[in-house]
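S.K.: next one to model:
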Amino acid sequence: MRFIDASTYTAERPWGALDLAEIDDVNVRLHWTDQPYLWQANAGPEVLVVLAGTIDLHYRRDRREHVERLTPGRICYAEAGGERAPRPRSPHPHHRTPGQHLSDPRRQSSPHDTSPPLLAWVFTI
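M.R.: Numbers count the residues shown, from 1 in each chain. Alright, predicted model coming up:
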């Protein structure tokens, strides 16, 4: 068994990931970011679950751009070929060092910034 405290995970770079498991042909990863991701089309179906923070998921349907706000607990299922560009909702003036807990009092924050860096589970099918 393996136990992971996602609240202590910080990647070395935006959209860095911790590979958690491979179950049959499914990869399970924990991503961290404080920067937007470029537009991309999914090679296969994906499920995204936001654990902390808020992102605006820009996606294209019928050649039109749409935006869905994802908050902790919100789940997105993206079919193969779906175009998307996830973007953190607000800039993050604070930075966590690897292993620093979200509630660590040494963490710098602004009274206007209440969202921690994004933590998300991505299941690639």
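S.K.: confirm that Ser7 sits in a strand.
M.R.: No: counting by DSSP: H, G, I helix; E, B strand; the rest coil, Ser7 is located in no strand; its state is helix.
S.K.: need the pLDDT of it.
M.R.: As predicted, Ser7 sits at a pLDDT of 79.
S.K.: any idea how far it is from Gly53?
M.R.: 11 Å (Cβ to Cβ, to the nearest Å). Every C-beta, even on glycine, is put in place using the N, C-alpha and C of the backbone.
S.K.: one more: Gly81?
M.R.: According to Cβ to Cβ, Gly81 stands 27 Å off from Gly53.
S.K.: just want to know which of those two has more residues nearby.
M.R.: Each of Gly81 and Gly53 has its neighbours counted (other Cβ atoms under 10 Å); Gly53 has more, 22 against 10.
S.K.: doesn't Pro88 make contact with that one?
M.R.: Yes: using Cβ atoms under 8 Å, Gly53 is in contact with Pro88, at 6.4 Å.
S.K.: contacting residues around the residue nearest to Arg69 when sequence neighbours are not counted?
M.R.: Spatial nearest neighbour of Arg69, chain neighbours left out: Asp56 (5.7 Å); criterion: Cβ to Cβ, 6 or more residues apart in numbering. Taking Cβ atoms under 8 Å, 6 or more residues apart in numbering, we find Asp56 in contact with 67-70, 86-87, 89.
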